[in-house]
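Visitor: next comes the sequence, and after it the predicted model I'd like to discuss.
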Amino acid sequence: MNAHRTRYCTLWLLVLLTTLSCAGGGDQWLSGPTPPPPSTVLLAAGDIGVCGSTPAIDTGLMLDSLDGTILAVGDLAYRHGTAEEFATCYDPVWGRHKARTRPSPGNHEYESSSAQPYYDYFGGQAGSSGQGFYSFRAGDWLVLSLNSNVPVGGSTAQGQWIRSELIANNSRCALAYFHHPLYSSGPNGDNARLAGLWQMLYEQGVDVIISAHEHLYERYAPMSPDGQRNDTRGIRQFIVGTGGAGLYTVTRVHAQSEVQLIAHGLLKLTLTAQGYSWEFLQVGGGRTDSGADVCH
């Protein structure tokens with residue numbers, strides 16, 4: 001009887017060990033390679049809706065095959081941002097993606113009284129009518145859509161809202177986009193009036209700024225508001241005025257400008273909880289720009 005029990009217990013132990021080993025191996029086999037961290041895609045460009053513009057048609061067609069939230073970074077309906085121009089110049093090329101578009105107004109929108117046709121076209125997606133600033137979450141990121149056509153100082157309604165949004169942000173990463181760049185290598189040049197806005201974003205740890213206005217693509221090294229390189233907490237600026245309007249040339253290269261491309265296309269940002277990667281998708285292919293960085 002004791003011998004039988006010994007054999008029984010030995011057999012039971014072998015079965016148990018084999019089962020545990022197989023279960024562990026099975027779990028490993030079922031899970032496969034370690035999956036990449038969750039990501040969120042943003043697709044950005046401004047200076048878009050020129051009636052009869054083939055490049056605007058082309059960038060719209062690119063969006064048809066790309067997933068992600070679209071950042072339309074101002075100057076969306078040329079030349080005066082009228083209701084007719086939104087209906088005939090912007091809507092046929094990018095309008096079918098309106099449901100996933102998060103716009104920001106440009107100076108051409110404000111050539112119509114208070115940019116009202118812009119607010120009418122996008123409705124609540126453009127924020128409160130007449131203000132033009134709002135925020136949303138993109139995965140783990142806080143994203144701010146701002147209005148660089150109106151005062152943005154710390155004492156303004158927009159400035160106070162920006163500060164409160166960033167102070168309340170509980171994630172590691174943040175991005176802001178608005179039409180006018182602080183620094184530019186294009187013919188429009190720098191916009192010193194935005195230095196205060198940049199300072200506010202810099203102090204609150206914003207990682208990326210996307211602008212347009214110059215009809216070209218430009219990527220900057222991380223920099224402080226005074227234009228000095230700062231790899232520790234600097235903001236990386238992208239200019240993507242490449243949505244369809246006629247292209248500009250580079251007139252001077254800013255000290256922190258790392259890449260300049262005179263081409264139509266889209267900026268694709270892939271966001272994770274710890275950082276981001278970028279790629280400029282040029283119409284028709286050709287030279288691109290890509291890279292990655294971590295958040296502050």
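Guide: Happy to help now that I have it.
Visitor: next, the residue nearest to residue 154 when sequence neighbours are not counted: secondary structure please.
Guide: Closest residue to residue 154 apart from its sequence neighbours, by C-beta to C-beta, 6 or more residues apart in numbering: residue 200 at 6.3 Å. (Each C-beta comes from the backbone N, C-alpha and C, glycine too.) Taking DSSP: H, G, I helix; E, B strand; the rest coil as the rule, one finds residue 200 in the helix state.
Visitor: over to residue 195?
Guide: helix.
Visitor: burial of the closest residue to it other than its chain neighbours, as a residue count?
Guide: The shortest distance from residue 195 to any non-neighbouring residue, by C-beta to C-beta, 6+ apart, is to residue 225 (5.6 Å). For residue 225, the count of nearby residues is 20 (other C-beta atoms under 10 Å).
Visitor: same check, this time on residue 155
Guide: Applying other C-beta under 10 Å, we find 7 residues neighbouring residue 155.
Visitor: so which strand or helix has it?
Guide: Per DSSP states H and E: residue 155 is located in neither a helix nor a strand.
Visitor: how near is it to residue 198?
Guide: 16 Å (C-beta to C-beta, to the nearest Å).
Visitor: repeat that for residue 142.
Guide: Distance from residue 142 to residue 198, by C-beta to C-beta: 17 Å.
Visitor: what does residue 290 give?
Guide: Counting by C-beta to C-beta, the gap from residue 290 to residue 198 is 25 Å.
Visitor: can you read off the pLDDT for the residue nearest to residue 154?
Guide: Residue 200 carries a pLDDT value of 96.
Visitor: quick one, helices of the chain?
Guide: Secondary structure of the chain, counting by DSSP state H: helices at 2-31, 54-64, 83-85, 91-94, 116-122, 157-168, 195-203.
Visitor: the last one packs against which elements?
Guide: When contacts are defined as 3 or more C-beta pairs under 8 Å, 6 or more residues apart in numbering; DSSP states H and E, helix 195-203 packs onto helix 157-168.
Visitor: give me the contact list for the helix it packs on.
Guide: Here helix 157-168 makes contact (C-beta atoms under 8 Å, 6 or more residues apart in numbering) with 131, 133, 135, 142, 144, 146-147, 150-154, 174, 196-197, 200-201, 204-206.
Visitor: show the buried residues in those residues.
Guide: Among those, those buried by neighbour count (16 or more other C-beta atoms under 10 Å) are 133, 135, 142, 144, 146-147, 150, 152, 174, 196-197, 200-201, 204, 206.
Visitor: which ones among those residues lie within strands?
Guide: Among the buried ones among the contacts of helix 157-168, the ones falling in strands (DSSP state E) are 135, 142, 144, 174.
Visitor: widest-spaced pair of those?
Guide: Spanning the widest gap among these are 135 and 174, at 9.4 Å by C-beta to C-beta.
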